[in-house]
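> The sequence and its predicted three-dimensional model are supplied below.
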Amino acid sequence: MRLKHGIALLLLVVTAFACSTLTLKPAEYAWPIENALKVDAKGNIIEQRYSFTLNVKPLFFEEFKDSTNYIGKEIRIIRDKAGYYFITSKNFKNVYVFKSIESGMELENKILISELKGLTAPAFNQKAPNVELLDNPNKYLLNYKGLMR
Amino acid sequence: MKSKFYFLIIFVFAFGATLQAQSDYEKTQNFKTRYQQLEAAIKNATSLDECNTISESIAKLKSDFLSDKGLLDNSLYPDNFESSFSKIERAVEIRKGDFTQITELTTEVGTLKDKISTISQENQGLISQIRTLQIRSAKDAQTIASLQKLVAQLKANIQQRDELVRGIVDSLLAQFVQMPNGLNEVEKQNIYTKVDAGNLFFNVERTIADNIQFMKVTQLTPDDLGEMKKQYKDFNKVWRQIGPKLAEVYLNRKDKTAQIANIDAMFADWNFRVNDEMWGQVNKLFREKKIALLQFKSGDQFVNSVSSFVGDEMKNLGVKSTSETENIYYAFTDSVYFKVVEPVWIPILIENNMMTDANKDSIDSYIAKWKEKVAPGTSLNWVYIGGGAVIVFLVIGFFLKGKKKPVTRFDEKKDDVL
C-alpha cells in the first residue's frame, strides 16, 4: 500500500515538473522617467522610445464619464519595476494601474488620490520599486497595490 | 532676530522641498531645452567670440546637471550624459574651425585687397603720366623711351592686379563647385565675408575699367590685343560661372544684384572695345595705303567689304589706267593683305572666333579672281616658259659645240699619219 502511494506521489511530482511554464526572472521594467504624451484625435497616445500605441478613450470615460473630451489632453505614464503601467492626467482624481495583456492593457488597480478635486499638475518619478506621484506641493508614493504614503 | 532665523529655516525647507518635488521628466525636458538652445546657437553663431561664449554655456550646462547624470544617462536614450556633451562640444569646435578658416581667409583676402589698392593707385598715376607725355607735341627720344617704360610698367601692373582679382574669384568658384546643391546659411555667410573683405565687385569693375582705359591710352600691337582678348575670355568665362551663383546668394540685396548686372554689362563693353580696336587696326592698315574699303567690324563684314572693293575694281578695269589699277592691286595684296593682315591679324582673329576659315577662303578667292584680271598669270607664264626654253636651247647648243672639237682633232691626226 505504501509502495503504491509512493509511486503515485512520484508520478505527481514528475508530472507537475513537466507541466510547469518556463519563467524568466528577475526582470526589470522600470522606465527611468515618465512620459508625457498628447492624446490624438483618435484617442491614441504614441510612445516613441518603447514603441507602442495605446487607445485611452475608455480611461477618460472612466474618470469623467465623458469619452469625447480627450483630444490634446496630456497623459502622464510610467512603468514600474514590476512592469505595471501607472497612468494619470491633469484633473484626474485617480491613478490607474494597468498590466500588459495581449493587444491591450488591463486595469489592475485604481488608486484614489484626492476625493475632492483632481490633480493640478501631476508627474511621476521612478522610485523603484515604487513610483512617486508629484502634484505640487503634494507627494505620494505608490505601488501597484495602492497608495503607500 | 529669532523671527528672521525661523523665516530662513522655513524658506530653506520650502525651497528644498520644491527642488525635491521637481519631476524627473521636467528636469530632462529642461536639460533637453537648454541643450537644443545651445545647438541652435552653434548653428547661428556668427563669430569666434560667440562660439567661445557658447563653450562656456556648455560647461555651465554640464555642471548644472552633473547631479542628475544618472537620470540623464537613462533618459537621454539613445545618448547619455557624456555622449550628449561630447557631441555638442565637438559641434562647437567644428564651428570654431569654420570661423578660424573665415578669419584666415579674411586676412588673406585683406592682404590681396591692399595689394590691389596699391596697384590700382599706381595705375592711375601711370595713366596720367602717359597722357601728359602723349600730349607733348614734340616727342624726343627720351620722351618716347619714358612712354615705353611707363606703358610696360602699366601693363605689368594691370596684369598683376588682374591675377590678384582672379585669385579671389577663383577661390569663390572653388567654393561653389564644392557645394553643387546650393549653400546653407553658414556657407553663404562665408561667401559674404569673402566678397566684402576682398571688395570683390568693386575690384572686378575696376579691373575691367582699367583694361579699357589701358587700351585708350596706349597703342596696342596685334599681340597685345590678342593677349588682352585671351585675358577677357578667361576672366569672362570664370565670371559667367560665378556671376549667376553670386546673384543667387545676393538675391535679397538689391544693391549687390545691380552691381552684378553692371559687371555683366562691363564685360560686354570690354569685349566690344577689344573687338572694335582689333578691327579698327585692320581697317587702318588699308586706309593708310589709301585703299577705300567699306568699314568692317566682323569676319562677314570684312568679306563683304573685300568683295565689294574687288568687284568695283574689276568693273573699273577699262575705265582706270592699267598702271593705276595695278598699283591699287599690288598695294592691296603685297603691301597690306599678304604682308600684314594675313600673316599677323587673321590667325589672331580666327583664334578668337572673330572670323572663320571660310571667311579667309572667301577673301583669298576674291583676290585670286582679281589677280586673274589685273595680273593674269597665263601670259606671264608663257614668257617664263619661252625664256626658259631659250636658255635650255643655248646651254645644249654650247655643249654640242664643245663636243665637236675633239672629232676635228682626230681627223687632223689621221691626215697627219697619211
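Happy to help now that I have it.

> show me what contacts the most centrally placed residue in chain A?
What sits nearest the mean C-alpha location of chain A, by C-alpha atoms, centre = their mean, is A:Tyr85, with 2.4 Å. Residues counted as contacts of A:Tyr85 (C-beta atoms under 8 Å, 6 or more residues apart in numbering or on different chains) are A:Ile77, A:Ile78, A:Arg79, A:Val97, A:Phe98, A:Lys99, A:Ser100, A:Met105. Every residue, glycine included, has its C-beta placed from N, CA and C.

> which residue ranges form the helices in the stretch 251-400 of chain B?
Assigned by DSSP state H, counting those that start in this stretch, the helices in the stretch 251-400 of chain B fall at B:254-288, B:299-315, B:322-330, B:346-351, B:357-374, B:377-417.

> Put together JSON lines for these, with mean pLDDT and distance to B:Met215 on each row.
Output for the helices of the stretch 251-400 of chain B, formatted as JSON lines (pLDDT from 0 to 100; distance: least, C-beta to C-beta, whole Å):
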{"stretch": "helix B:254-288", "mean pLDDT": "88", "distance to B:Met215": "6"}
{"stretch": "helix B:299-315", "mean pLDDT": "91", "distance to B:Met215": "21"}
{"stretch": "helix B:322-330", "mean pLDDT": "86", "distance to B:Met215": "32"}
{"stretch": "helix B:346-351", "mean pLDDT": "91", "distance to B:Met215": "15"}
{"stretch": "helix B:357-374", "mean pLDDT": "90", "distance to B:Met215": "24"}
{"stretch": "helix B:377-417", "mean pLDDT": "62", "distance to B:Met215": "43"}
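
> returning to that earlier point: out of the contacts of A:Tyr85, which comes closest to chain B?
Using C-beta to the nearest C-beta, A:Ile78 comes nearest to chain B of these, at 8.7 Å.

> Next, the contact list for the closest one, please.
Contacts for A:Ile78 (C-beta under 8 Å, 6+ apart) come out as A:Trp31, A:Ile33, A:Glu34, A:Asn35, A:Tyr85, A:Phe86, A:Phe124, A:Asn125, A:Gln126, A:Val131.

> which SS class is it?
Secondary structure, DSSP: H, G, I helix; E, B strand; the rest coil: A:Ile78 is strand.

> That one pairs with what?
A:Phe86 (DSSP bridges).

> Quick check: it vs A:Glu132, distance?
In this structure, A:Ile78 lies at 9 Å from A:Glu132, with C-beta to C-beta, to the nearest Å as the measure.

> Break down chain A into its helices, ranges please.
Per DSSP state H, chain A carries helices over the ranges A:2-19, A:57-64.

> likewise the stretch 1-150 of chain B?
Remark: helices assigned in the stretch 1-150 of chain B by DSSP H, counting those that start in this stretch are B:2-20, B:24-44, B:48-65, B:69-75, B:81-135, B:141-178.

> Pull the residues that contact the third one.
The set of residues that contact helix B:48-65 without belonging to it, under C-beta under 8 Å, 6+ apart, is B:27, B:31, B:34-35, B:38, B:41-42, B:45, B:72, B:81, B:85, B:88-89, B:92, B:95-96, B:99-100, B:103.

> Repeat that for the fourth one.
Contacts made with helix B:69-75 from outside it, assessed by C-beta under 8 Å, 6+ apart, are listed as A:Pro32, A:Ile33, B:Asp24, B:Lys27, B:Thr28, B:Phe31, B:Phe65, B:Asn80, B:Phe81, B:Ser84.

> ok, 6 Å please
A:Pro32, A:Ile33, B:Asp24, B:Thr28, B:Asn80, B:Phe81 (C-beta atoms under 6 Å, 6 or more residues apart in numbering or on different chains).

> And the pLDDT for the fourth one?
Looking back up the chat, that one is B:Thr28. Per-residue confidence (pLDDT) for B:Thr28: 91.

> same check, this time on the last one
B:Phe81 is assigned a predicted lDDT (pLDDT) of 92.

> Show me what from chain A comes close to chain B.
With C-beta under 6 Å from any C-beta of the partner chain as the criterion, chain A comes near chain B at residues A:Pro32, A:Ile33, A:Glu34, A:Arg49, A:Ala123, A:Asn125, A:Leu134, A:Asn136.

> tell me the two of those that are most distant?
A:Arg49 and A:Asn136 (25.7 Å; C-beta to C-beta).

> And those two? Which one has more around it.
Here A:Arg49 and A:Asn136 are compared on neighbour count by other C-beta atoms under 10 Å in any protein chain shown; more neighbours surround A:Asn136, at 14 against 11.

> pLDDT below threshold where in chain A?
A:1-19 (pLDDT under 70).

> Quick one: the strands in it, in order.
Using DSSP state E, the strands of chain A run over A:35-38, A:44-47, A:52-55, A:74-79, A:85-89, A:94-101, A:104-112, A:123-127, A:130-135, A:138-143, A:146-147.

> and those strands as TSV, adding distance to B:Ile158?
As requested, those are exported to TSV (distance: least, C-beta to C-beta, whole Å):
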stretch	distance to B:Ile158
strand A:35-38	69
strand A:44-47	69
strand A:52-55	73
strand A:74-79	72
strand A:85-89	78
strand A:94-101	83
strand A:104-112	83
strand A:123-127	75
strand A:130-135	78
strand A:138-143	82
strand A:146-147	91
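
> If anything else comes up later, I'll come back, but that's it for now.
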